[in-house]
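Engineer: Structure of the sequence below:
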Amino acid sequence: MWASRAARSVDEPVVSEPKKVSRAGRNLPAAIAVGLALGAGILLSLLTVRHVFIGVVALALAVGTYELAVAFRAAVGVRIPLAPVLLGGQAMMWLVWPYGPQAAAVALAMTLLLTLLWRLPGGAEGYVRDISATALALVYVPLCGVFAVMMVLPEDGVARVLTFLFGVIASDVGGYAAGVLRGRHPMAPSISPKKSWEGFAGAMTLGIVVGVLDWTFLLDGQVWQGVVFGAVIVLTATLGDLVESQIKRDLGIKDMGHLLPGHGGMMDRLDSLLPSAVAAWLLLWVFA
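Structural biologist: This is a model prediction of the structure:
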């Protein structure tokens, strides 16, 4: 009997059990650790010298722009001229501080003109395609990021930025928890199969609660303003996530990068923040 067992142990292939995949769909401990580290860095910049937050945003957007350009080039051969795009994106970030949104608009226009000239030596093949992708990258990443910078400039800028960030975090956490625990009905299966209506309901619930708390304690506003703000941020954060998922699906990639363990690339963290920054700035401008 022992001999037969020994023979089987030598001759028969050992079949290892498949690794269990977490319902979370990612390395949750790594994702939490990275999220906490990013949050701590942002809080430190806001609570010390709030204008340091501009540098944090500028660095994150530069990395996100680089990841987007590399993904376009590697996946479909689209050439986004990185040098002028990165330079123009930084100009938009830093000029809006002393000179206002008009300076960011001028920097965007000048960058687009520069990229038209920069791409000329590359020949006519793919010229329109590359310039179109370049314009998308500039508007999608640094231009949307400018609105986050503009939120920190007023005297109550720290409260404004925290209200914006807490809203997006609430949407992410509420949607993630409800989706993992109760997700049954896909919201957009052809774009993001893991995103469910139950997750969206969880995001909306927590987003509105956090929005009310933010507007009550940080901005001394009205409850109805918090409800509207929370709901709008959940909508823009969800749509931002879906938009980036559609881009990645078109490119045939899973993540924009691998910089952040448990998250993917920087763009995989910015996807919900970028459109939400525009909506948050607009609502803060109207309400506050």
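Engineer: Heading C-terminal from the lengthiest helix in the chain, find the next helix or strand.
Structural biologist: If you go by DSSP state H, the chain has its longest helix at helix 223-251. Reading on from helix 223-251 to the C-terminus, the next helix or strand found by DSSP states H and E is helix 267-270.
Engineer: With just CA atoms, put that next one into CSV.
Structural biologist: What follows is helix 267-270, C-alpha atoms only, in CSV (Å, rounded to 0.1, in the frame of the first residue of the first chain):
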residue,chain,number,x,y,z
MET,A,267,-4.8,57.3,-14.7
ASP,A,268,-6.8,54.4,-13.2
ARG,A,269,-7.0,56.6,-10.0
LEU,A,270,-7.6,59.9,-11.9
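Engineer: State the mean pLDDT of stretch 278-285.
Structural biologist: On average, the pLDDT along stretch 278-285 is 98.
Engineer: From the rest of the structure, what touches it?
Structural biologist: For stretch 278-285, contacts defined as CB atoms under 8 Å, 6 or more residues apart in numbering pick out 144, 147-148, 150-151, 160, 163-164, 167, 225, 228-229, 232-233, 235-236. The way it works is simple: take the backbone N, C-alpha and C, and place the C-beta from them, glycine included.
Engineer: could you point out the longest strand in this structure?
Structural biologist: When the chain is parsed with DSSP state E, its longest strand is strand 192-196.
Engineer: starting at the chain centroid, how far to the very next helix or strand once past it?
Structural biologist: Using DSSP H and E, the helix or strand that follows strand 192-196 towards the C-terminus is helix 197-217. Centroid displacement of helix 197-217 relative to its chain, using CA atoms, centre = their mean, to the nearest Å, is 19 Å.
Engineer: Just want the angle from helix 197-217 to strand 192-196.
Structural biologist: 60 degrees (axes from the mean of the first three to the mean of the last three CA atoms, to 10 degrees).
Engineer: i'd like the first residue to be 289 from this point on
Structural biologist: Right, with 289 as the first residue, what we last looked at is helix 485-505.
Engineer: Mind giving me the packing neighbours of helix 485-505?
Structural biologist: helix 445-470, strand 474-476, helix 511-539 (3 or more CB pairs under 8 Å, 6 or more residues apart in numbering; DSSP states H and E).
Engineer: Kindly recompute the last result at 7 Å.
Structural biologist: Packed against helix 485-505, as judged by 3 or more CB pairs under 7 Å, 6 or more residues apart in numbering; DSSP states H and E, are the following elements: helix 445-470, helix 511-539.
Engineer: Run the chain-centre distance for the longest one.
Structural biologist: Think helix 511-539. With CA atoms, centre = their mean as the basis, helix 511-539 stands 10 Å off its chain's centre.
Engineer: Just the buried residues of it, please?
Structural biologist: Of the residues in helix 511-539, 513-526, 528-533, 535-536, 539 count as buried by neighbour count, 16 or more other CB atoms under 10 Å.
Engineer: Look up how far L441 lies from the nearest residue to L506 once chain neighbours are set aside.
Structural biologist: Distances taken as CB to CB, 6 or more residues apart in numbering place A447 nearest to L506, at 4.3 Å, with adjacent residues excluded. Separation of A447 from L441 (CB to CB, to the nearest Å) stands at 13 Å.
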